[in-house]
Each structure stands twice: as C-alpha cells, then as structure tokens.
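Asker: Sequence below, structure please.
(2 chains)
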Amino acid sequence: MDEDLDLINRAQGGEREAFDELVLKYQKPLYSLLYRMVSDQNDAADLLQKTFIKAFTGLGGFERRSSFKTWLYQIAINLAKNVYRERAKITKVSLDDVIIKRDPRTLDSLIQKESRLLLRRSFAGLPEKQRLTLLLRVQEGKKFEEIAMVMKCSVGTAKANYHHAVQKLKKMMGEEKRDRESGESQESEDRP
Amino acid sequence: MKCDDKNIKELLPAYREQALEQPEREKVEKHLESCDDCATELSLLRMMSGEAVPDPGEAFWAAMPGRVYREVQEQKSKQWSFNPLWLARRFAPPRWIFAATAVCIVVVISFFVARGLRQTPDVSSPDYELSDELLANGTVHVADLNQNELELADDWAGNELTSIAQEAGPVVLSGRSGTDIYEELAELNASEIEQLSTTIDQLEEEEG
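Answerer: Predicted coordinates:
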C-alpha cells in the first residue's frame, strides 16, 4: 500500500501542508536523478519544478497502480529525455590539456580526475535506455523491480539493459584509455 | 578475461552498497580475488556512485514547494474556462460506478423478465384449469388447453369428426372449397362442432 496515499488524498482535497510534504519528500532524490541525466544545474532545477507541476495538475489521472514515487520518476524521466535529446550534454575536456605532472602529490588526484572524465564521456555515449537503467541502479540505488516499473519494462529487460550498459562502459573506457595511452606514447616518441 | 558468472555480476551492485549477507559477501570477495573483469566492474560502479551532485542550497529547497503550489493553482484557475474534455475528466465518476450501474440494470431487467415468465400460466400442469372467462366465451382455443384436455379433445374430435363425416355423406365430403372434409372439420371450434352435431341429430330425427 502506498504510504503517500493519505498525503495524495489530502493534497487533492486542497490541503497545503500535504502538498508541501510531498514536494519536500521527493525534491532531493528527483533533483539528483535529473542532474545526472542532463548534467546542468539550471536545467535540473527547471525540470524538477515542471515534474511536480505536471504531477500535481494531473493527480486525477494517477491511477494508483504504481507508487506515487514511481509515477513521479516516470514523469521526471520523460521530461528529462526531451532535454537530453536536444542538448546531448557531454562534458568535453580535451585530454591533451591534462598535464600529468610527475609529482606524486598530484598524480593520484589527476589520474582519478582523468578516470572520471573518461567515465562521464563513456556514460554519455551509451544508448538511452541503458544509460537510464545504469543511472537508476547505480546512482539511485533502485532494485531491478523498481527500475522495471519506472521504465515500464520487464525485470528481465531491466537486468539485460544494466548488463549491456556495464559491458559497453568497460569497453568504451578501455578503448579510450588505450587510444590515450597510444597517443601519449606517440608523443613521447616524437619529442626530440 | 571476460567473466560469465552472472550470479556474481548481479550481486556486485549490492556488494558495493554493503547490502549483502555474510555468506554472499564472502562469495563475492573470493571471486573478486581472481577475476579482473568483475574487479574492474566494481571499481566502475564505485566511480559512478561517487559522482557528486552539486547542491543548489537550502534556499532553493525551501522555496520549491511554494513555487510549485503557486504554479499549480494558476494552471488550475485557467482550466476552469469551458473545456468539455477537462470538465468530463474532472467530474467523471470513478469507473467502478459505471460497472456497478450496468450490473444493477441487468439485475432489474432480469427480474422483470423472470416475473413476466412466471405470470404466464403453465398449461402443461395437470392442476391447470381453464379460467371461467375462457369458458364463458363459449370458445376454447387449443393453445389454452393442458395436456390432459388436449388428449380428451383429440379423442373426442376423432370420434365425433369421423361419425360426422360418415353421416354427412357425399354432400359434405367434397367440401365447399375443394379441401379434404377432415381438414375443414378440424378447423371448427368446439362450439361449432357441437352445433353441427346437434343439427345432424335433428336431421336424423326428421328422416327417421
């Protein structure tokens, strides 16, 4: 039984406190999800507001077959998909600009930073459904059953998307790393 | 080398979240000691989950409910303009009411149909008696008779019609319309047959 049902009924009845409670409860996890999808704070904030507005104006259409949380996530993902498709934001940093100093104090942090950049680029290159599944599983900590409900697919499909995403990510990061390493070794050979 | 152990791979996210029971945790840890593929995947998952989301600040969180509420109220006030589709959705009763109404209608119709059937007299019952109204008319229609009465009427008609036909002789046998005499006699009702019989008796007396 959805624990939010009471709040939803009261919010539908016009009770302001119930309305505010629902927003306060879900705004942070939703914002987190939206930011990871669009990689921009302003877009994420805008999408968060639109998600709640769409949910509360369309509350009459909420058939209570899934939880209110799942329904909110579905709305948020659909809104974010449109933005993501238009903007396709990828954090672009020229890896050539990353200067690896031979100073042990900075080397580890630079390697970590580089790895993160690689990861973000690879993640952004995944097919949409796989990227969403990976995001929901790893960064939102959702179980496969919850992911299946949010993405309106079977549990098997959710698991398959997840595994394919991880395999592709590993492959893409491995290829990027190899390309970079071969580029560096070529550079060092070219140096007089 | 790529690992094909799907069981371990499925457990990796939960292992990262430290959500596994001891036996499963030990199983994963033992596997990770010898599997580079899974170890890489685990570090990938750790890196992904470590990606920080910038915090927009407490003022942002505090203001969000109010902003959303105002926008929702504004949209609702716009919706109150005449919009048949919106009004239908807004005031439409829940679906279960339609189902319940349909069931009630079927029950009511069934009740009246069954009641109507019950009122039709069961003429096949031996207890069935012809109403006084029918008898007072002097005519009895075959459809109104019960089984016993039909058998009696059949016997009577067989005897009476045969004797009438024999006594009527060649004058009647041909029938006016050229049809068979028995067919014409079968079309007579009980009262007419009675009258015919009386007439024949009178004729016999006159001849006798």
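Asker: dump the residue contacts of residue B:3.
Answerer: By Cβ atoms under 8 Å, 6 or more residues apart in numbering or on different chains, the residues touching residue B:3 are B:9, B:35, B:37-38. Just so you know, the C-beta spots here come from the backbone N, C-alpha and C atoms, and that holds for glycine as well.
Asker: Please flag which of these sit within helices.
Answerer: Per DSSP state H, helices hold the following members of the contacts of residue B:3: B:9, B:37-38.
Asker: So which of those would count as near chain A as well?
Answerer: By Cβ under 8 Å from any Cβ of the partner chain, the members of the ones in helices among the contacts of residue B:3 lying near chain A are B:9, B:37.
Asker: Looking at the ones in helices among the contacts of residue B:3, spot the one nearest chain A.
Answerer: Taking Cβ to the nearest Cβ as the measure, chain A lies nearest residue B:9 of those, at 6.6 Å.
Asker: Please look at that closest one and residue B:38 and confirm they touch.
Answerer: Yes: counting by Cβ atoms under 8 Å, residue B:9 touches residue B:38, with 6.8 Å between them.
Asker: so who does residue A:46 touch?
Answerer: Contacts for residue A:46 (Cβ under 8 Å, 6+ apart) come out as none.
Asker: okay, it: pLDDT?
Answerer: Residue A:46 carries a pLDDT value of 94.
Asker: Now it: which helix or strand?
Answerer: Taking DSSP states H and E as the criterion, residue A:46 maps to helix A:41-57.
Asker: Now do stretch A:124-142: distance from first to last residue.
Answerer: Terminal residues of stretch A:124-142 are spaced 20 Å apart (Cα to Cα, to the nearest Å).
Asker: typo on my end, it should be stretch A:148-157
Answerer: By Cα to Cα, the extent of stretch A:148-157 from end to end equals 8 Å.
Asker: Of all the residues in that stretch, which ones are buried?
Answerer: A:148-151, A:157 (16 or more other Cβ atoms under 10 Å in any protein chain shown).
Asker: circling back to that earlier point, which of the ones in helices among the contacts of residue B:3 sits closest to residue A:114?
Answerer: Of all these, residue A:114 sits closest to residue B:37, with 21.6 Å by Cβ to Cβ.
Asker: Based on its surroundings, how many neighbours for the closest one?
Answerer: When neighbours are counted by other Cβ atoms under 10 Å in any protein chain shown, residue B:37 registers 17.
Asker: Touching, it and residue B:2? I think so.
Answerer: Yes: using Cβ under 8 Å, residue B:37 is in contact with residue B:2, at 5.3 Å.
Asker: Following the helix or strand of chain A with the lowest mean pLDDT in sequence, what is the next regular element?
Answerer: For chain A, scoring each helix and strand by mean pLDDT, DSSP states H and E identifies helix A:104-124 as the least confident one, at a mean of 69. Sequence order places helix A:128-134 as the next helix or strand after helix A:104-124, per DSSP H and E.
Asker: which strands and helices sit next to that following helix?
Answerer: With contacts taken as 3 or more Cβ pairs under 8 Å, 6 or more residues apart in numbering or on different chains; DSSP states H and E, helix A:128-134 sits against helix A:68-87, helix A:104-124, helix A:144-151, helix A:155-190.
Asker: For the ones you listed, give me TSV that also has distance to chain B.
Answerer: What follows is these, written out as TSV (distance: least, Cβ to the nearest Cβ, whole Å):
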stretch	distance to chain B
helix A:68-87	12
helix A:104-124	5
helix A:144-151	9
helix A:155-190	6
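Asker: Run the chain-centre distance for the helix holding residue A:46.
Answerer: Helix A:41-57 sits 16 Å away from the centroid of its parent chain (Cα atoms, centre = their mean, to the nearest Å).
Asker: Please find the angle between the direction vectors of it and helix A:68-87.
Answerer: Put simply, helix A:41-57 runs at 140 degrees to helix A:68-87, going by axes from the mean of the first three to the mean of the last three Cα atoms, to 10 degrees.
Asker: List the buried residues of helix A:41-57.
Answerer: For helix A:41-57, burial by neighbour count (16+ other Cβ under 10 Å) applies to A:41, A:43-45, A:47-48, A:50-57.
Asker: Farthest pair within these?
Answerer: Among the buried residues of helix A:41-57, A:41 and A:57 lie farthest apart (Cβ to Cβ), at 24.8 Å.
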